[in-house]
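[1] Test case, fold it:
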Amino acid sequence: MPRLITSKIIVLAAVLLSSVSGQDPQAESASAPSTEIQSLLEKQVQEQHLVGIAAMVVRSHTIVGIATAGVKRQGKSTPLGSADLFHLGSNTKAITAAMIARLVEAGKLSWTTTALEIFPELGKTMHPAFRHITLEQLLSHHAGIPPFTTVTVTLLKNTWPKLSGSAMKQRSRFAALVLKHAPAITPGTKGLYSNAGVAIAAAMAERRTGSSWEDLVTSQVLEPLGMHAIFGFPLSAGKDQPWGHFETDQGFIALQGGAVPLPPYMLPSGGVAMALGDYCKFLQMNLQGLRGKDSAFLSAETIQRLHSSPMQDEYALGWGAYQWDRVPTSTHAGSDGSFYALVALQPSRDTGIAVVLNSAGKRSREAADAVLNALLKRYAAAPRPMS
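    Predicted structure coming up:
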């Protein structure tokens, strides 16, 4: 069965196999880098027989280049465009974490707020091991929550629980359902990647504010950063958007929706789609904070906390925290099984790269890895002073 959200971030350790050049890049005109990126993407489409792929390179205050190659749907001729939407999969987690960080800075939540504080009615049913798990532990995968990473979920009779009511009510009910079972591992001992943990954190934000996750992401992230996004798959925004594609031995199969319908309560872990031009604003905001710049959106201290693991492992808050090529690197990948997204930020080199495809599977992952490697080698600047 395909993974519903394929961003168990430790698998990305193989992405940056090549060392990154320490040389400054050539002059970054608006057109030349995009042309170079497009040539790289077109090569991948041909060699890997891909449907479509897009990529961008950003600095903290500029866009180096954005390019696309391939088509929106297998067997059709309509090319991908730079304004097309791509499903971000588990890269949504960083957006959910940023939304919650804004609520923390506003004093509506704290990183140490517990699930029991938010849901006191669960006092009698919550498993004792979960009584003290915190918001930070949930967002950083240190709360011991079961993973919920595949279609055949290992809890609750091996299926996604069917819940009724609004998306907001479903998240509250999902939190109650998960928290009454024993943890997968002892909370606070080590990281265990969990889609359910992020969904529970979103439910906590909803209960505290009285607003849905969708409304909170819109008011706290999209509007302040001037971004547009949808909650769902690209085709739900219009028939001219890219189709997702599932990989088989016989090739790619076009799917009108995603590979697997995502329950509403799980959207905070993997339900956002947007164009690269919008996504770059989010990546630039993170680069600026990682490089020490406070903003009206979030303080540099808060952004740096989002990118740091509370337990000094690879699990940060919506991000993976690594040392690649001896350089601190924040990274994440995500997929529903029909789209794939990969991102890496190197603040000391003031470089952010995102690669997205309207397909998923082995060839799609290999193509994203190859493009990310090549773009880092070509455009990652020599270390620059942090502000």
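[2] Please make it C-alpha for all contacts and neighbour counts, starting now.
    Will do.
[3] ok, Tyr265 touching Phe174?
    Yes: at 7.0 Å, Tyr265 counts as touching Phe174 under the criterion of CA atoms under 8 Å.
[4] So for those two, which residue has more residues nearby?
    Remark: of Tyr265 and Phe174, Tyr265 carries more neighbours, 26 against 21, as counted by other CA atoms under 10 Å.
[5] show me what contacts Thr186?
    By CA atoms under 8 Å, 6 or more residues apart in numbering, Thr186 lies in contact with Ala129, Ala143, Gly144.
[6] Neighbour-wise, which one of those leads?
    Taking other CA under 10 Å as the neighbour criterion, Ala143 ranks highest of the contacts of Thr186 with 29 neighbours.
[7] List phi and psi for that one.
    Note on Ala143: its backbone torsions stand at phi -100, psi 0 [degrees, to the nearest 10].
[8] Mind pulling up the pLDDT for it?
    pLDDT for Ala143: 98.
[9] and what of the one 4 residues further on?
    Listed pLDDT for Pro147 reads 90.
[10] and it, what is it in contact with?
    Taking CA under 8 Å, 6+ apart, we find Pro147 in contact with Leu192, Tyr193, Ser194, Asn195, Ala196, Gly197.
[11] Tell me the one among those residues nearest to Leu235.
    Closest approach between the contacts of Pro147 and Leu235, by CA to CA: Asn195, at 23.5 Å.
[12] For the closest one, give its distance to Lys93.
    According to CA to CA, to the nearest Å, Asn195 stands 9 Å off from Lys93.
[13] and what of Ala370?
    According to CA to CA, Ala370 and Lys93 sit 24 Å apart.
[14] Looking at the two, which is more packed in?
    Lys93 (28 against 19).
[15] so after the helix or strand containing the more buried one, what's the next helix or strand?
    If you go by DSSP states H and E, Lys93 is part of helix 92-105. Sequence order places helix 115-118 as the next helix or strand after helix 92-105, per DSSP H and E.
[16] Just put the contacts of Thr186 in a markdown table and tack on distance to Pro261.
    Formatted as a markdown table, the contacts of Thr186 follow (distance: CA to CA, whole Å):
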| residue | distance to Pro261 |
| --- | --- |
| Ala129 | 31 |
| Ala143 | 26 |
| Gly144 | 25 |
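[17] buried set for the helix holding Lys93?
    Within helix 92-105, the residues that count as buried by 16 or more other CA atoms under 10 Å are 92-104.
[18] Now pLDDT and distance to Leu376 too, for the residues you listed, in CSV please.
    What follows is the buried residues of helix 92-105, written out as CSV (pLDDT from 0 to 100; distance: CA to CA, whole Å):
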residue, pLDDT, distance to Leu376
Thr92, 98, 23
Lys93, 98, 23
Ala94, 98, 21
Ile95, 98, 23
Thr96, 98, 27
Ala97, 98, 26
Ala98, 98, 25
Met99, 98, 28
Ile100, 98, 30
Ala101, 98, 29
Arg102, 98, 30
Leu103, 98, 34
Val104, 98, 33
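[19] nearest to Ile185, of those residues?
    Lys93 (21.2 Å).
[20] For the closest one, give me its contacts.
    By CA under 8 Å, 6+ apart, the neighbours of Lys93 are Val198, Pro268, Ser269, Gly270, Leu317, Gly318, Trp319.
[21] The stretch 201-350 of the chain: strands as residue ranges?
    Ranges of strands in the stretch 201-350 of the chain, per DSSP state E, counting those that start in this stretch, are 230-231, 244-248, 251-255, 272-274, 320-324, 327-335, 340-346.
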